[in-house]
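In: Provided below for reference: sequence and predicted model.
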Amino acid sequence: MASYDEIFEKSIQDPERFWGEAAEGISWEKKWDKVLDSSNPPFYRWYTGGKLNTCYNAVDRHVENGRGDQAAIIYDSPVTDTVRKITYSELQKDVALFAGVLKSQGVQKGDTVIIYMPMIPEAAVAMLACARLGAIHSVVFGGFAAQELAIRIDHAQPRVLVCASGAIEGKKKLAYKPLVDAAIEQSNHKPEKCIVFKRDFVDADLQTGRDFDWMTLMAAASPADCVPVDATDPLYILYTSGTTGMPKGVMRDNGGHAVALHWSMKNIYDINPGDVFWSASDVGWVVGHSYIVYGPLLNGSTTVFYEGKPIGTPDAGAFWRVISQHGVKSLFTAPTAFRAIKKEDPNGDFLKKYNLSCFEALYLAGERLDPDTYHWACNLLKVPVIDHWWQTETGWAIVANCRGIEEFPVKAGSPTKPVVGYDVRIMDNQGREVKAGVEGNIVIKLPLPPGTLVNLWRNEERFIKSYMTAFKGYYETSDGGYIDEDGYVFVMGRMDDVINIAGHRLSTGAMEEIIATHPAIAECAVFGIADQLKGQSPLGLFVLKAGVDVKEDDIKTELVKMVREKIGPVACFKESARVLRLPKTRSGKILRGTMRSIADGKDYRMPSTIDDPASLTEITETLKSMGYPRT
Ligand code: COA
Ligand code: AMP
């Protein structure tokens, strides 16, 4: 078998040949005319002229190929005490019927549908049903508040919204429908129909004429067939945090996405058809899209839908129970989940209760994997622990130890080497490549491989400005890091105002926009500080308007409530403090990075452009009074 170096070189030197061959793993209604259309950079198009259906590739073809009785989805929900297996044949039936439901509600190829559901198989059914019709889904994570949902409704302009009546988060029962109602109330665009999957622990009020019960519609529906779409037609939009309150609608196509994810299952994760793959994330995030739903199903593997937490449902042995009960070959989750387990069960006593002989590898991503957690997981599980780096924008890993091709020795702190197809470079701010070991901006030479973002939904200008302008001919990842002498990539963190809280991507800019609306506040800054469990957590500093007479504690409580209500509990905004002024450069730029270094106890250089060096002394004192840096 060819080595990583050979395969990697081929993918970079002759991407058309490489990805043309990889595309044979997908069933096409019509083969492409051109593998890569580079006629309009930086907009690259894969498999132009090709026609396919993603749902057919993820479901129907496996039934036709004899996998009908194999489990496609294992739904494991400790919070509702349910374990249910759904075979590929059953999934095909459900998806075809729900596609029929959507069709009967007016959904056609090219329409958008918003899905606001917890970790239940119906979420996958809704996504695949959209794909079946050539409609474009946009899944919104359940931890976002009504306003965030409203922003997405206004931007995606869905014809139909699909939701569940509620979710169980750990031990809390949450009603989703009131949030959906509030979001539709707030949005200018109104979805014509709302389809509600009712769960037995929480009911939902249905508005006559607009809201319909999932089960009732399913009982009356006729199945719908797969609609062939162009390879370049959009499959989904996934909103992700940028540097402002307006999220970015990452757009993924059908053809490139299907080819890349199918290819990645074997080559990155070493997963074969029939293997059980478990991604313990949420369908609302990119990991959920790529590796709970599409990747494993495109590959004919079995995916686990886990509605629970790593701890507390019921204990820190939950992951080991699921792995042993369902014969999971590989688990993919965020390092935070492992930090949570480690905190609760540092000696791994729970593991001793389960037989994990089926388990071959652990994959971690979503945030930096700190060496402590890496070593703890290695010692505990005695299987390869694979860190891999990617982003919502890329949809699949940029840097990873491609175990299906060749496994490299790990250097803790590095996700190892660039994935086949990604030409990763490090550049200084002037766009010059730096030497091995020197830190800079991580960029990727264009074209990006298939499956990566093709544009931002209804915002081409932002696509160009955010990703394609700073380094001409390269995609700007907004992560910083370096590549060492051996070609290992080290990702050190975001260079912008995006933070990662418990593996969840959030915008400090969006939090600032909310805080700035407080009537007593003149200006504010939010930045991410190191958090032992969640990796990062947000901290806010605010300056009061002159002459306002309010208690600082009251404002702090109000800010927590405001961010929770406007963005959602998932923002985890809990800490803030009043300062007399914020440190700024002479041109007025707030020095968030410097404040973050002070809070984290890291060395920092006094910026030469600072307006008033004494402002940093005040910040240092304030942070100290809050207990930062933590020792
Ligand atoms: N719907 C509604 N609320 C949600 C939610 C959802 N889908 N997901 C999270 N929330 C809420 C939580 O209930 C919590 O609310 P609270 O402030 O009222 O307690 C808040 O958002 C913060 O959630 P979280 O950051 O997840 O903290 P937690 O204490 O509930 O759990 C962990 C901590 C580490 C167990 C949890 O974050 C975890 O499992 N992380 C794994 C990371 C992961 O899957 N990342 C996905 C990308 S790979
Ligand atoms: P998201 O778009 O939610 O997947 O978040 C993407 C961001 O998470 C990246 O830009 C990184 O900052 C961070 N990230 C994801 N995976 C890793 C990793 N393995 N190591 C370091 N940072 C990571």
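Out: Thanks, I have the structure now. Ligands and ions are numbered 1, 2, ... in the order given.

In: from here on, contacts and neighbour counts on C-alpha atoms
Out: Will do.

In: For the protein, list the residue farthest from the centre, please.
Out: Here the chain reaches farthest from its C-alpha mean at Gly547, the gap being 43.5 Å by CA atoms, centre = their mean.

In: Tell me which helix or strand comes right after whichever strand or helix holds Ser264.
Out: Element membership of Ser264, judged by DSSP states H and E, is helix 255-267. The element immediately downstream of helix 255-267 (helix or strand, assigned by DSSP H and E) is strand 276-279.

In: Touching that following strand from outside, list them.
Out: The contact list for strand 276-279, computed with CA atoms under 8 Å, 6 or more residues apart in numbering, reads 271, 287-288, 291-292, 296, 301-305, 326-333.

In: Quickly run through the sheet partners of that strand, with directions.
Out: Applying DSSP bridges, strand 276-279 is found paired with strand 302-306 (parallel), strand 330-333 (parallel).

In: Could you give the separation of that strand from the chain centroid?
Out: Here the centre of strand 276-279 is set off from its chain's centre by 16 Å, with CA atoms, centre = their mean, to the nearest Å.

In: now stretch 216-225
Out: 31 Å.

In: now what about that stretch, what contacts it?
Out: Everything outside stretch 216-225 that qualifies as a contact, by CA under 8 Å, 6+ apart, is Lys93, Ala96, Leu97, Phe98, Ala99, Gly100, Val101, Lys103, Ser104, Arg132, Leu133.

In: give me that answer again for 6 Å
Out: Contacts to stretch 216-225, defined as CA atoms under 6 Å, 6 or more residues apart in numbering, come from residues Ala96, Leu97, Ala99, Gly100, Val101.

In: who wins for neighbours among those?
Out: Neighbour tally across these (other CA atoms under 10 Å): the maximum, 31 neighbours, falls on Ala99.

In: any idea how far Cys226 is from that one?
Out: Ala99 sits 9 Å away from Cys226, going by CA to CA, to the nearest Å.

In: In the helix holding Ser264, which residues are buried?
Out: Applying a neighbour-count criterion of 16 or more other CA atoms under 10 Å, one finds 255-267 buried in helix 255-267.

In: could you dump these to JSON lines with pLDDT and distance to ligand 1?
Out: JSON lines is the format used below for the buried residues of helix 255-267 (pLDDT from 0 to 100; distance: CA to the nearest ligand atom, whole Å):
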{"residue": "Gly255", "pLDDT": "98", "distance to ligand 1": "24"}
{"residue": "Gly256", "pLDDT": "98", "distance to ligand 1": "22"}
{"residue": "His257", "pLDDT": "98", "distance to ligand 1": "19"}
{"residue": "Ala258", "pLDDT": "99", "distance to ligand 1": "20"}
{"residue": "Val259", "pLDDT": "99", "distance to ligand 1": "22"}
{"residue": "Ala260", "pLDDT": "98", "distance to ligand 1": "19"}
{"residue": "Leu261", "pLDDT": "98", "distance to ligand 1": "16"}
{"residue": "His262", "pLDDT": "98", "distance to ligand 1": "19"}
{"residue": "Trp263", "pLDDT": "98", "distance to ligand 1": "20"}
{"residue": "Ser264", "pLDDT": "98", "distance to ligand 1": "17"}
{"residue": "Met265", "pLDDT": "98", "distance to ligand 1": "17"}
{"residue": "Lys266", "pLDDT": "98", "distance to ligand 1": "20"}
{"residue": "Asn267", "pLDDT": "98", "distance to ligand 1": "20"}
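
In: okay if I get the residues you listed as CSV plus distance to Gly535?
Out: As requested, the buried residues of helix 255-267 are arranged in CSV below (distance: CA to CA, whole Å):
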residue, distance to Gly535
Gly255, 35
Gly256, 32
His257, 30
Ala258, 32
Val259, 33
Ala260, 29
Leu261, 28
His262, 31
Trp263, 31
Ser264, 27
Met265, 27
Lys266, 30
Asn267, 29
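
In: so who does the residue of the stretch 51-200 of the chain found nearest ligand 2 touch?
Out: Per CA to the nearest ligand atom, Phe141 is where the stretch 51-200 of the chain lies closest to ligand 2, at 11.6 Å. By CA under 6 Å, 6+ apart, the contact set of Phe141 is Gly284.

In: Look at it and tell me its secondary structure.
Out: coil (DSSP: H, G, I helix; E, B strand; the rest coil).

In: Dihedrals phi and psi, it?
Out: Dihedral angles of Phe141 (phi, psi; degrees, to the nearest 10) stand at phi -60, psi 140.

In: Over to Gly535?
Out: Per degrees, to the nearest 10, the backbone of Gly535 is at phi 80, psi -60.

In: Give me the longest helix you can find in the protein.
Out: helix 88-104 (DSSP state H).

In: Spell out which strands sit alongside the following helix or strand past that one in the sheet and which way each one runs.
Out: Sequence-wise, the next helix or strand downstream of helix 88-104 (DSSP H and E) is strand 112-116. Its sheet considered, strand 112-116 pairs with strand 136-139 (parallel), strand 160-164 (parallel) by DSSP bridges.

In: right, and the helix or strand after the first one?
Out: The reference is to strand 136-139. helix 146-156.

In: near ligand 1, which residues of this structure?
Out: 118, 142-143, 169, 280-281, 287, 309-310, 333-334, 336-337, 340, 366, 502-504, 569-570, 572 (CA under 6 Å from any ligand atom).

In: List the buried residues in stretch 199-219.
Out: By 16+ other CA under 10 Å, the buried positions in stretch 199-219 come out as Val202, Asp203, Ala204, Asp211, Phe212, Asp213, Trp214, Leu217, Met218.

In: how about CSV for those, with pLDDT and secondary structure added?
Out: CSV is the format used below for those (pLDDT from 0 to 100; DSSP: H, G, I helix; E, B strand; the rest coil):
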residue, pLDDT, secondary structure
Val202, 97, strand
Asp203, 97, coil
Ala204, 98, coil
Asp211, 98, strand
Phe212, 98, strand
Asp213, 98, strand
Trp214, 98, helix
Leu217, 98, helix
Met218, 98, helix
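
In: burial of Met1, as a residue count?
Out: 7.

In: typed the wrong thing, it's Pro607
Out: 12.

In: Relative to Ser587, how far out is it?
Out: 12 Å.

In: Next up, the contacts around the residue of the stretch 451-600 of the chain found nearest ligand 2.
Out: At 4.4 Å from ligand 2, Arg505 is the closest residue in the stretch 451-600 of the chain, using CA to the nearest ligand atom. Counting by CA under 6 Å, 6+ apart, Arg505 touches Ile499.

In: Am I right that it sits in a strand?
Out: Yes: with three-state DSSP as the criterion, Arg505 is part of a strand.

In: Report pLDDT for it.
Out: Note on Arg505: pLDDT of 94.

In: Also the one 3 residues further on?
Out: The per-residue pLDDT reported for Thr508 equals 95.

In: Let me know whether it touches Gly528 as I believe.
Out: No: if you go by CA atoms under 6 Å, Thr508 and Gly528 don't touch, sitting 7.5 Å apart.

In: Is Cys194 part of a helix or strand, or is it coil?
Out: strand.

In: Doesn't Ala377 belong to a helix?
Out: Yes: per three-state DSSP, Ala377 lies within a helix segment.

In: and it, what does it touch?
Out: Neighbours of Ala377 in contact, by CA under 6 Å, 6+ apart: none.

In: go with 10 Å
Out: Pro335, Phe338, Arg339, Ile341, Lys342, Gly348, Leu362, Pro371, Val383, Pro384, Val385 (CA atoms under 10 Å, 6 or more residues apart in numbering).
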